[in-house]
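Q: Could you work out the structure for the sequence below:
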Amino acid sequence: MNQITEYQRSLLATEIYDTLIAMPDMGLGEIGECKDTADIITQEWVKKAGLNVVEEDNTQDPKVIVGRITDFVNSFSIKQDEFNAAMGNEHRTLQQSFTRLCLKWIEHCATPGYRTDGRNAQSQSISQRIVERFKKDNEGFKPSEYLGYV
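A: Presented below is the predicted three-dimensional model:
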């Protein structure tokens, strides 16, 4: 039997959801209804295709994680507030580690080697301002270096 990962199945459901929510004339204008319908369509497709849904075992692979994050932020229905609330409920040490990861990303964006064009030039500009101001106010420390380990 052919396989599809749970992540791939969820990507398909998200694509279907985005299509449904963008087509209010189909009568599926409610977010919950579109989500439910997308899940049903995905389940039926997986079943008809004879696919077995499996969990991924490479959850620590940075490329997989980046793919999930970029899929999350590339949605018309991005739920930033819900994400932040969920992260706020995680273990305090994990919250600190996630903050360090975000700061490291800002530091990366601030470097001259960060690839930019018109779509992300503001990310580099604001990142440079954040890092430079932080270093000025904190004895030359980068933000991620200043954040303690708990």
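
Q: count of neighbours near T19?
A: T19: 15 surrounding residues under other C-beta atoms under 10 Å. Every residue, glycine included, has its C-beta placed from N, CA and C.

Q: ugh, wrong one, I meant A110
A: 20.

Q: Quick check: it vs L103, distance?
A: 11 Å (C-beta to C-beta, to the nearest Å).

Q: cool, Y146 as well?
A: 9 Å.

Q: Pick out whichever of the two has more residues nearby.
A: L103 (19 against 15).

Q: give the contact list for the residue nearest to the spatial centre of the chain.
A: Among the residues of the chain, the one closest to the centroid is I69, at 2.3 Å (C-alpha atoms, centre = their mean). Applying C-beta atoms under 8 Å, 6 or more residues apart in numbering to I69 gives no contacts.

Q: Pull the distance from the helix or strand harbouring it to the chain's centre.
A: Following DSSP states H and E, one finds I69 within helix 62-73. Distance of helix 62-73 from the chain centroid (C-alpha atoms, centre = their mean, to the nearest Å) equals 5 Å.

Q: Just checking, which helix or strand succeeds that helix along the chain?
A: With DSSP H and E, the next secondary element past helix 62-73 is helix 80-88.

Q: pLDDT averaged over the helix holding I69 - what is it?
A: Computed over helix 62-73, the mean pLDDT rounds to 85.

Q: Then stretch 37-57?
A: Computed over stretch 37-57, the average pLDDT equals 86.

Q: Please enumerate the helices of the chain.
A: Listed in chain order, the helices of the chain (DSSP state H) span 6-21, 31-48, 62-73, 80-88, 92-109, 121-137, 143-146.

Q: Give me the buried stretch members for stretch 11-28, please.
A: Buried residues in stretch 11-28, counted by 16 or more other C-beta atoms under 10 Å: 11-14, 16-18, 20-21, 28.

Q: Which residues outside that stretch are in contact with it?
A: 29, 31, 34-35, 37-39, 41-42, 45, 71, 75-77.

Q: For T99, state which of the residues you listed is nearest.
A: Nearest to T99 among those: D71, at 22.1 Å, using C-beta to C-beta.
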